[in-house]
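K.L.:
Here is a sequence together with a model predicted from it:
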Protein chains: 2
Amino acid sequence: MPSPRITLDRTSPVPLYFQVAEQLERAILGGEIEAGQRLENEIAMAQELGLSRPTMRQAIQVLVDKGMLVRRRGVGTQVVRGQVRRNVELTSLFDDLSAAGQKPSTRVLSLERIDAPLDVSEELQLAAGAPVWSLRRLRMIGEQPLALMHNFLPADVVQLGDVDLDSIGLYAYLRDAGFVIRVARQSISARRVGPDETHLLAEDIDSPLLTMQRTAFDNSGRAIEFGRHAYRPELYSFDMTLVDR
Amino acid sequence: MPSPRITLDRTSPVPLYFQVAEQLERAILGGEIEAGQRLENEIAMAQELGLSRPTMRQAIQVLVDKGMLVRRRGVGTQVVRGQVRRNVELTSLFDDLSAAGQKPSTRVLSLERIDAPLDVSEELQLAAGAPVWSLRRLRMIGEQPLALMHNFLPADVVQLGDVDLDSIGLYAYLRDAGFVIRVARQSISARRVGPDETHLLAEDIDSPLLTMQRTAFDNSGRAIEFGRHAYRPELYSFDMTLVDR
DNA sequence: GAGTGGTCTAGACCACCTC
DNA sequence: AGGTGGTCTAGACCACTCA
């Protein structure tokens, strides 16, 4: 039975369940606990760490939600086989790429204040024709164009006039400006490249594009951003883990 | 302050937190609680229902995880604006379409027992060349071809010889056979249609296809199924809700 | 029958937000 | 200052699995 060494710091502001989850995750990723192997039972682990059982359960639940552990009543908790796939998360493409050690760059193609078209005002839960920012950007990875991004943000809510979006991701800016994105609804599909996009994405005519459209909401449940994006599928994919709950 | 009428059945095998979550969800979807509105606080709701606070919290957490509610410390719990998007879930395409009231049909193109190619054996965590089922199916929606699906399943684990896959979804069969799919890792991208697929999916040459590849694991963490699928993007998209945790 | 996770209780203290 | 959600405790009983 594997028992990774876990240390707790009760003076830390980091919750105990999170400290345990972090160290357990490292132990699994680092191979200290083998794939398919069973963990000690919750009660014993809690006792050894001097935690209550609910706290220990909460820690394990974090990794169950990530798809790294599987629990079965009457049996125990096991490590899922197969390598972990990094998830689609609530970050922008810019953050994604930066975290992956790549060097993304951005070219702002246009930024204007317009009256929201009907579909946009609906997605953002605004009155028809309400003022919105329309932002078109081209994301490059090195010298290669990767994605064409078109975002809409309610102009009454977000000040976007004097932001240097060439050097900062949109989500990073929103975070700095105090907007906490909590929920996003997105839809992924594909289409043929359009005639006006062909030169930007350096594709030949008829090339396939991966498309994503997303509406993001802040922690008060208000729509903050709606975007329609197109990616070169040879260079990008959406990876995710689904967990049955 | 909205207070939907919630009734509990303590004799039911359905957990109390789940009963509450279900009725709260119905109240939100049915418009009894308006978008953007705040819920009563956890402690009051728990008291009114005769529940402990942790149980009430667990109920609310279910809807937070679905992206329907947002919690803020010091403020309260609010309903997220914007319509709910049905999630990508751990079901097969067949189940998805059936649930949506559509009439899917399936044509099994081929089913053979083969030695696993290297990439397949790696995805399924098998030894190279281990026996696997190779299953190719065409999914139709009415008269229109919708998706071309290619699945691989470890032959030592799953008996697939005499299953009528024309009339039952693969996941429904696996469920009936006692396999509980708990976790799946998937990747979504796009590509150009291949020359051998063009006639099946009734696309002209150069048409874009939406692609999904998925590895599914059962509740013991063992890989059960690996699939590479291609969808006609005019007819299908992957919808999902992301929640920051 | 023994061992496991799933649910539930009744409290406690704290961090954060708004007024 | 008062109210909210976030965390944590120390138990309890139950359902399920497996030998």
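P.N.:
That came through fine.

K.L.:
what's around residue A:118, how many residues?
P.N.:
When neighbours are defined as other CB atoms under 10 Å in any protein chain shown, residue A:118 has 9 of them. No exception for glycine: its C-beta is placed from N, CA and C like everyone else's.

K.L.:
Residue A:189: what's it in contact with?
P.N.:
The neighbours of residue A:189, taking CB atoms under 8 Å, 6 or more residues apart in numbering or on different chains as the test, are A:211, B:210, B:233, B:236-238.

K.L.:
DNA strand D contacts on chain A?
P.N.:
Within chain A, the positions near DNA strand D by CB under 7 Å from any atom of the strand are A:15-18, A:50-55, A:58, A:72-75.

K.L.:
If you rank the residues you listed by neighbours, which is first?
P.N.:
Within those, residue A:51 tops the neighbour count with 21 neighbours, counted by other CB under 10 Å.

K.L.:
ok so, going back, just the ones in helices from the residues of chain A next to DNA strand D, please.
P.N.:
Residues of the residues of chain A next to DNA strand D located in helices (DSSP state H): A:16-18, A:53-55, A:58.

K.L.:
can I assume residue A:165 is in contact with residue A:138?
P.N.:
No. Applying CB atoms under 8 Å, one finds residue A:165 not in contact with residue A:138, separated by 11.4 Å.

K.L.:
show me where chain A has helices.
P.N.:
A:16-29, A:42-49, A:53-65, A:93-99, A:118-123, A:170-176, A:198-201.

K.L.:
Nearest to DNA strand C, out of these?
P.N.:
helix A:42-49 (4.0 Å; CB to the nearest atom of the strand).

K.L.:
And DNA strand C, is the closest one touching that?
P.N.:
Yes. Using CB under 7 Å from any atom of the strand, helix A:42-49 reaches DNA strand C at A:42-44.

K.L.:
Show me the strands in chain A, by range?
P.N.:
Taking DSSP state E, the strands of chain A run over residues A:69-72, A:76-79, A:104-115, A:131-141, A:144-154, A:181-192, A:208-218, A:223-231, A:238-243.

K.L.:
mind putting the ones you listed in TSV, mean pLDDT included?
P.N.:
Output for these, formatted as TSV (pLDDT from 0 to 100):
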stretch	mean pLDDT
strand A:69-72	95
strand A:76-79	95
strand A:104-115	92
strand A:131-141	93
strand A:144-154	94
strand A:181-192	93
strand A:208-218	95
strand A:223-231	95
strand A:238-243	90
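
K.L.:
Is it possible to get CSV of those that adds distance to DNA strand C?
P.N.:
Output for these, formatted as CSV (distance: least, CB to the nearest atom of the strand, whole Å):
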stretch, distance to DNA strand C
strand A:69-72, 4
strand A:76-79, 4
strand A:104-115, 27
strand A:131-141, 24
strand A:144-154, 18
strand A:181-192, 13
strand A:208-218, 11
strand A:223-231, 16
strand A:238-243, 12
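
K.L.:
List the buried residues for stretch A:185-204?
P.N.:
A:185-190, A:192-193, A:197, A:200-201, A:203 (16 or more other CB atoms under 10 Å in any protein chain shown).

K.L.:
hmm, back to that, weakest of the helices of chain A in terms of mean pLDDT?
P.N.:
Ranked by mean pLDDT, those bottom out at helix A:93-99, with a mean of 64.

K.L.:
how is chain A carved up into domains?
P.N.:
Following automatic domain parsing, chain A resolves into domains at A:16-79, A:84-239.

K.L.:
which residues sit in contact with the closest residue to DNA strand D within chain A?
P.N.:
Relative to DNA strand D, the nearest point of chain A is residue A:74 (2.4 Å; CB to the nearest atom of the strand). For residue A:74, the contact set (CB under 8 Å, 6+ apart) is empty.

K.L.:
Can you give me the neighbour number for the closest residue to residue A:64 other than its chain neighbours?
P.N.:
Among residues not flanking residue A:64 along the chain, residue A:71 sits closest, at 6.0 Å (CB to CB, 6 or more residues apart in numbering or on different chains). Residue A:71 has 17 neighbours, counted by other CB under 10 Å.

K.L.:
Name the nearest residue to the residue in chain A that chain B sits nearest to, sequence neighbours excluded.
P.N.:
Chain A approaches chain B most closely through residue A:208 (3.3 Å), counting by CB to the nearest CB. Excluding the flanking residues, the one nearest residue A:208 by CB to CB, 6+ apart is residue B:208, at 3.3 Å.

K.L.:
who's the one you found bridged to?
P.N.:
Bridge pairing for residue B:208 (DSSP bridges) gives the partners residue B:192.

K.L.:
pLDDT score assigned to residue A:87?
P.N.:
In this model, residue A:87 carries a pLDDT of 61.

K.L.:
again, but for residue A:41
P.N.:
For residue A:41, the pLDDT comes out at 95.

K.L.:
Residue A:106 bridge partners, please.
P.N.:
Counting by DSSP bridges, residue A:106 forms beta bridges with residue A:139.

K.L.:
what does residue A:187 give?
P.N.:
Under the criterion used (DSSP bridges), residue A:187 bridges to residue A:213, residue B:239.

K.L.:
isn't it right next to residue B:236, touching?
P.N.:
No. Contact criterion CB under 8 Å: residue A:187 and residue B:236 do not qualify, at 10.6 Å.

K.L.:
where's stretch A:198-211 relative to the chain centroid, distance-wise?
P.N.:
25 Å (CA atoms, centre = their mean, to the nearest Å).

K.L.:
same check, this time on stretch A:128-145
P.N.:
18 Å.

K.L.:
Buried residues, it. List them.
P.N.:
So for stretch A:128-145, counting by 16+ other CB under 10 Å, buried means A:132-135, A:137-139, A:141, A:145.

K.L.:
and the gap between residue A:155 and residue A:182?
P.N.:
Using CB to CB, to the nearest Å, residue A:155 is found at 22 Å from residue A:182.

K.L.:
between these two, which one's more packed in?
P.N.:
residue A:182 (24 against 19).

K.L.:
dump the residue contacts of that one.
P.N.:
Going by CB under 8 Å, 6+ apart, residue A:182 touches A:90, A:217-219, B:70, B:243-244.

K.L.:
hang on, the residue nearest to residue A:208 packs against residue A:203?
P.N.:
No. Contact criterion CB under 8 Å: residue B:208 and residue A:203 do not qualify, at 11.0 Å.

K.L.:
how about the residue nearest to residue A:208, what does it touch?
P.N.:
A:190-192, A:207-209, B:190-193, B:233.
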